[in-house]
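Model the structure of this input:
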Amino acid sequence: MEAHATVVCRGHPRVRGTHPTTFEITTEGHLTEAGDCIIGVAAECGAAGLPPEFRRVLCHDRAVLLTRLSLCDLRVEVHSRGSAALTLTHPTDMVWRRSRYVDGRTVGILSDRTAATLPRDLICLLRTGETLVVEMTASLSDEK
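Numbering: from 1, shown residues only. Model prediction:
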């Protein structure tokens, strides 16, 4: 079983991309200096707005999440896990986490990328306000 979701957002001049354990996109149009995990603003939806079929697959302990971040000619893949503990209730934010921590904003846990480990050329382009396409594919793995 596999399901897809695509969210379009944009960069912002204050994107720093230095957070060591997460990265985030938000529907908010602004970004403060404290937002070192936020890589995209003005997103089309938060976690609560993801498609129902995608949510069903992602909210399973065997779910595997592949996220593709596309910007200009750059493509970055992020590998994460889903979880039955995900609630996907946050109206404005989506967060990918290196840890197993889950709250209403969490869309991926055990991620192999964080804001600090994303390619710096991606972060530089985001600072110019370029459009970022976030393509997510959730599938069920045979692992438990």
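
Can you tell me the SS state at residue 123?
For residue 123, the assignment made with DSSP: H, G, I helix; E, B strand; the rest coil gives helix.

Let me know whether it touches residue 13 as I believe.
No: judged on C-beta atoms under 8 Å, residue 123 makes no contact with residue 13 at a distance of 11.7 Å. For the C-beta atoms, the positions are set from N, CA and C on the backbone; glycine is no exception.

So those two - more neighbours on which side?
Shown here are residue 123 and residue 13; by other C-beta atoms under 10 Å, residue 123 has more neighbours (18 against 9).

What pLDDT is listed against that one?
Residue 123 carries a pLDDT value of 96.

Contacts only, for it.
Neighbouring residues of residue 123 by C-beta atoms under 8 Å, 6 or more residues apart in numbering: 15-17, 39.

most surrounded residue in the residues you listed?
Comparing the contacts of residue 123 by number of neighbours (other C-beta under 10 Å), residue 39 comes first, having 28 neighbours.

Cheers, nothing more for now.
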